[in-house]
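Peer 1: what follows is a predicted protein model with its sequence.
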Amino acid sequence: MSELKVGAKARAFSAPDQSGTVVSLDDFKGKTVVLYFYPKDDTPGCTTEACSFRDEFAAIRKKGAVVLGVSPDDAESHAKFVRKFSLPFTLLADEDRKIAEAYGVWVEKSMYGKKYMGVERSTFVIDGGGRLKAVYRKVKPAEHVAELLADL
């Protein structure tokens, strides 16, 4: 599958959220969607990033955008993560990694010389017409949301 670039049509998706309700990209027609992919609930980098989105959530909404977080964790894990850190946005359970694969963020990674498959921390901004407005790959959790806000 080719890499998604700014201007390309966003890939359709649907997955259960933290409450088990199925959410799809079509639910947000006409709205800007911040679709961010992260490796795992309640881990240091992912918590930093999620809390940054939480802390800037009002500013993001003011710019007319909705936030959707995506990881391979299940809905129950997402529900705990949302409760623990008071996250005001939707998390999607991509257990079969179909969304991550469609967006090209399910990649080979390496830690301590060991190779494995995992989520590349990335964000895609999708405009109201379903096209990619911005693509951020290999983002840094502590700095990313400020960078994103400046571009919204």
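Peer 2: Ah, there it is.

Peer 1: most distant residue from the centre of the chain?
Peer 2: The outermost residue of the chain relative to its centre, with distances by CA atoms, centre = their mean, is residue 113 at 26.9 Å.

Peer 1: just the pLDDT for that one.
Peer 2: At residue 113, the predicted lDDT confidence score is 88.

Peer 1: separation between it and residue 119?
Peer 2: For residue 113, the distance to residue 119 equals 20 Å [CB to CB, to the nearest Å]. Every residue, glycine included, has its C-beta placed from N, CA and C.

Peer 1: got the phi/psi numbers for the residue farthest from the centre of the chain?
Peer 2: Main-chain torsions, residue 113, degrees, to the nearest 10: phi 80, psi 0.

Peer 1: ok, now the one 3 residues further on?
Peer 2: According to degrees, to the nearest 10, the main-chain angles of residue 116 amount to phi -160, psi 170.

Peer 1: what pLDDT does it get?
Peer 2: Looking at residue 116, its pLDDT stands at 86.

Peer 1: neighbours around it, how many?
Peer 2: By the measure other CB atoms under 10 Å, the count of residues near residue 116 is 8.

Peer 1: next: residue 21.
Peer 2: Close neighbours of residue 21, defined as other CB under 10 Å, add up to 10.

Peer 1: SS state for residue 124?
Peer 2: strand (DSSP: H, G, I helix; E, B strand; the rest coil).

Peer 1: tell me the bridge partners for it.
Peer 2: For residue 124, the beta-bridge partners under DSSP bridges are residue 35, residue 135.

Peer 1: and residue 108, what does it touch?
Peer 2: Listed by CB atoms under 8 Å, 6 or more residues apart in numbering, the contact set of residue 108 reads 115-117.

Peer 1: for residue 118, see how far away it is.
Peer 2: For residue 108 relative to residue 118 (CB to CB), the value is 8 Å.

Peer 1: before we move on, what about residue 87?
Peer 2: Taken as CB to CB, the span from residue 87 to residue 118 is 21 Å.

Peer 1: just residue 35 next, same as before
Peer 2: Distance from residue 35 to residue 118, by CB to CB: 18 Å.

Peer 1: neighbour-wise, which of those two wins?
Peer 2: residue 35 (23 against 17).

Peer 1: correct me, but the more buried one touches residue 70?
Peer 2: Yes - contact criterion CB atoms under 8 Å: residue 35 and residue 70 qualify, at 6.6 Å.
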